[in-house]
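Engineer: Based on what follows, work out the 3D shape:
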Amino acid sequence: VQLQASGGGSVTPGGSLRPSCSTSGLSWNEYAIGWFRQASGKEREWVSGLGAGPGITPYRESIEDRFTSSRGNAEKTVYLQMDNLTPEDTAVYYCAAARGLALLQRTPEYWGQGTLVTVSS
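Structural biologist: Model (predicted):
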């Protein structure tokens, strides 16, 4: 199983980015996939997650109105549309997978490498 995150970059405050997480070898219809982030000097924190089927997408409270997760089932890729970015969003963003949203938030089974997002003026 491989998860490959990409699409980070550098933007100014108020800008947008759309990282993606492509998967291979994963039972796509059995896994929830989501995003975590880790800022320099801080612990990794959960950002958002998507279950394998339709349902509510939970987001971290501080980003709920600015970030949107989506699943591209045909390409087995998860996207994180990030709008109105602030310097506090600067971090390495990781994608992860687990058999269910609850497990995803607590103990992901698979991790991708990170993609760096920098928000600075």
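
Engineer: Can you name the residues that contact the residue nearest the centre of the chain?
Structural biologist: By Cα atoms, centre = their mean, the chain has its centre lying nearest to Trp35, at 2.5 Å. Residues in contact with Trp35 (Cβ atoms under 8 Å, 6 or more residues apart in numbering) are 19, 21, 46-49, 69, 78, 80, 93-96. (C-beta placed from N, C-alpha, C; glycine too.)

Engineer: now do Ala98
Structural biologist: Ala98 touches 31-32, 104, 107-110, counting by Cβ under 8 Å, 6+ apart.

Engineer: Stretch 84-101: end-to-end distance?
Structural biologist: In stretch 84-101, first residue to last residue: 26 Å (Cα to Cα, to the nearest Å).

Engineer: picking that back up, from the contacts of Ala98, which ones fall inside strands?
Structural biologist: 32, 110 (DSSP state E).

Engineer: And the buried ones among the contacts of Ala98, selectable in PyMOL?
Structural biologist: If you want just the buried ones from the contacts of Ala98 in PyMOL, going by 16 or more other Cβ atoms under 10 Å, the selection is:
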select buried, resi 31+32+104+108+110
